[in-house]
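Asks: here is my input, please return the structure:
(one chain, ligands or ions: 1)
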Amino acid sequence: MADTSLNPYLRAQQAFKEAVDTLGVEPAAYEILKQPLRSFEVAVPFVRDDGSVQVFTGYRVQHNDALGPTKGGLRFHSDVNMDEVKALAMWMSVKCALLNLPYGGGKGGIACDVDQLSEREIERLSREYIRAVSLVIGPDKDIPAPDVSTNPQIMAWMVDEYSRIRGENTFGLITGKPLVIGGSAGRVAATGRGLVFATRQLATELGIDFSKSRIAVQGFGNVGSVAAEISHQLGATVVAVSDKDGGLYNPAGINIQDLLEYKRVNRNLQGYPHAEPIDNKELLELPVDILFPAALENQITSDNAHNIQARIVGEGANGPTTPEADRILFDKGVMVVPDVLGNSGGVTVSYFEWVQNQTRFYWSEEEINQRLESYMSRAMADMHTMHERFGVTLRKSAYLVATERIAQAMRIRGWLR
Ligand code: GLU
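Replies: Alright, predicted model coming up:
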């Protein structure tokens, strides 16, 4: 049967509906949460290197700001569309509330293929995007950050453009910046680090020794490569990794340090001599203890969930598992670290970055990593409390924690009466 849950926006709505019903909070909470408060679609014209003008479509969505200004990344990818951005913004609301950050959820992006653009073109496109949305973002309004195919350099151009428009340095506008202009120690590795932290914690609870586990990682970007590197450092055997062009497999384990060096020189994973090529689909179905899907949404669906052999799926990507696949994994006894917890290390350290920008006082990497662990441990404990109270999956438990907090804020602000 075809998977009916591939549209992430419908999925996000359904998840809020279930949470509101389970908690028994006011139905008005769902009426407000089921769509973003504000959704912007903008034309982004920019000059190509040959002097011609091209226009891409940009998006920025602010889902809910009951708990504070909206927060969430900017994605540059050809599949970016309004429904996807809305879903990603809703997932940010859940993530921020679960982690007890004083933020609502936001998200944005540009439908484009960065591989077709030069560095100069990416800079001009990034600056034009900020011009297009400058009125609706701001350090106390809506704070962007990196996501798929965006990075600290792009954040630097964006904060520079915004600062020029405002006529003052506004580092608190955006997080994930380079260190020298108000970035935070530990931000680049935060998502991968948090993913390993949460997954290792769950493994220990299940009696699995993380340092002896066999791991496959889908996606070798900012999340997957760091998760693979830290897992390798902790003694785990990373048997497979992949990027969008395909993967590598070595049942005896891949030396991630060596592979990172290979990638730095060759710019991609393909051709690495100490592993066999494997495709992304095969990687997901390998006999491993832990699987980290750290690429894009809809990777584990009703088509392949039956074939997953991992005992734990640690979601580094946003939305990699569809609800139907979730049910299949649950029935098979596979535990899932849900995305809203698994990849929350990124936005948590983004919050620390923003606090440092607002106070102009900067913390050490050690302090950052310590605080990250304490925020994530607290979120895990809150999620487990809901898990015990309602007997639902960890994902549903995470939604219950988040929805209760957002509903409480909306109630006290007078939105629900
Ligand atoms: N894009 C990341 C996410 O999906 C980070 C967002 C942020 O730091 O604001 O969580």
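Asks: wait, residue 146 sits on residue 191?
Replies: No - between residue 146 and residue 191 there is no contact under C-beta atoms under 8 Å: 9.5 Å. Where C-beta positions appear, they are placed from N, C-alpha and C, glycine not excepted.
Asks: shared neighbours of the two, anything?
Replies: residue 222 (C-beta atoms under 8 Å, 6 or more residues apart in numbering).
Asks: interface residues of the protein facing the ligand?
Replies: Contact residues, the chain versus the ligand (C-beta under 6 Å from any ligand atom): 71-73, 95, 145, 147, 175-176, 318, 343, 346-347, 350.
Asks: report pLDDT for the residue in the stretch 151-300 of the chain that the ligand sits nearest to.
Replies: Closest approach between the stretch 151-300 of the chain and the ligand, counting by C-beta to the nearest ligand atom: residue 175, at 5.3 Å. pLDDT, residue 175: 98.
Asks: looks like it contacts residue 187 (just checking).
Replies: Yes - the pair residue 175 / residue 187 is scored as a contact, 7.0 Å apart, by C-beta under 8 Å.
Asks: of those two, who's got more company?
Replies: residue 175 (30 against 27; other C-beta atoms under 10 Å).
Asks: any idea how far residue 15 is from the more buried one?
Replies: As judged by C-beta to C-beta, to the nearest Å, residue 175 and residue 15 stand 25 Å apart.
Asks: longest helix anywhere in the chain?
Replies: In the chain, with assignment by DSSP state H, the single longest helix is helix 365-390.
Asks: what's the following helix or strand after that helix?
Replies: Following helix 365-390 in sequence order, the next helix or strand is helix 394-412 (DSSP states H and E).
Asks: quick check: buried residues in that following helix?
Replies: Using 16 or more other C-beta atoms under 10 Å as the test for burial, helix 394-412 gives 394-411.
Asks: and for stretch 102-116?
Replies: 103, 104, 105, 106, 107, 108, 109, 110, 111, 112, 114.
Asks: can you tell me the SS state at the fifth one?
Replies: In this case it means residue 107. State at residue 107, reduced to three classes by DSSP: H, G, I helix; E, B strand; the rest coil: strand.
Asks: hmm, it is touching residue 147, no?
Replies: Yes - taking contacts as C-beta under 8 Å, residue 107 lies within contact range of residue 147: 7.5 Å.
Asks: okay, and the common contacts of the two?
Replies: 72, 73, 74, 75, 88.
Asks: secondary structure element holding the last one?
Replies: Looking back up the chat, that one is residue 88. Using DSSP H and E, residue 88 falls in helix 82-98.
Asks: quick one, what contacts residue 220?
Replies: Neighbours of residue 220 in contact, by C-beta under 8 Å, 6+ apart: 228, 241, 242, 243, 263, 269.
Asks: tell me which residues touch the nearest residue to the fifth one once chain neighbours are set aside, please.
Replies: Going back to what we said before, that points to residue 263. Nearest residue to residue 263, sequence neighbours excluded (C-beta to C-beta, 6 or more residues apart in numbering): residue 269, at 5.9 Å. Going by C-beta under 8 Å, 6+ apart, residue 269 touches 220, 241, 242, 243, 245, 246, 247, 248, 259, 262, 263.
Asks: spell out the secondary structure type for the first one.
Replies: The reference is to residue 220. At residue 220 the chain is in coil, as set by three-state DSSP.
Asks: can you pull the phi/psi pair for it?
Replies: The phi and psi values for residue 220, taken as degrees, to the nearest 10, are phi -130, psi 40.
Asks: among the contacts of residue 269, which are in helices?
Replies: Those of those lying in helices (DSSP H): 259, 262, 263.
Asks: all helices for the stretch 201-350 of the chain, in order.
Replies: With DSSP state H, counting those that start in this stretch, the ranges of helices along the stretch 201-350 of the chain come out as 224-233, 256-266, 280-284, 323-332, 339-342, 345-359.
Asks: for the last one, give me every contacting residue.
Replies: Yep, that's helix 345-359 we're talking about. For helix 345-359, contacts defined as C-beta under 8 Å, 6+ apart pick out 71-73, 92, 95-96, 99, 101-103, 139, 143, 145, 171-172, 175-177, 182-184, 186-187, 190-195, 197, 223, 362-363, 368, 371-372, 375-376.
Asks: orientation of it relative to helix 365-390 in degrees?
Replies: 130 degrees (axes from the mean of the first three to the mean of the last three C-alpha atoms, to 10 degrees).
Asks: got the angle between helix 345-359 and helix 224-233?
Replies: 110 degrees.
Asks: just the C-alphas of helix 345-359, formatted as PDB.
Replies: Extracted in PDB, the C-alpha atoms of helix 345-359 (Å, rounded to 0.1, in the frame of the first residue of the first chain):
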ATOM      1  CA  GLY A 345      21.600  20.100  19.700                       C
ATOM      2  CA  GLY A 346      21.900  22.600  16.800                       C
ATOM      3  CA  VAL A 347      19.100  24.900  17.800                       C
ATOM      4  CA  THR A 348      20.100  24.600  21.500                       C
ATOM      5  CA  VAL A 349      23.600  25.900  20.800                       C
ATOM      6  CA  SER A 350      22.000  28.500  18.500                       C
ATOM      7  CA  TYR A 351      20.100  29.700  21.500                       C
ATOM      8  CA  PHE A 352      23.400  29.900  23.500                       C
ATOM      9  CA  GLU A 353      24.900  31.800  20.600                       C
ATOM     10  CA  TRP A 354      22.000  34.300  20.600                       C
ATOM     11  CA  VAL A 355      22.300  34.800  24.400                       C
ATOM     12  CA  GLN A 356      26.000  35.400  24.000                       C
ATOM     13  CA  ASN A 357      25.300  38.000  21.200                       C
ATOM     14  CA  GLN A 358      22.700  39.800  23.300                       C
ATOM     15  CA  THR A 359      24.900  39.900  26.400                       C
END
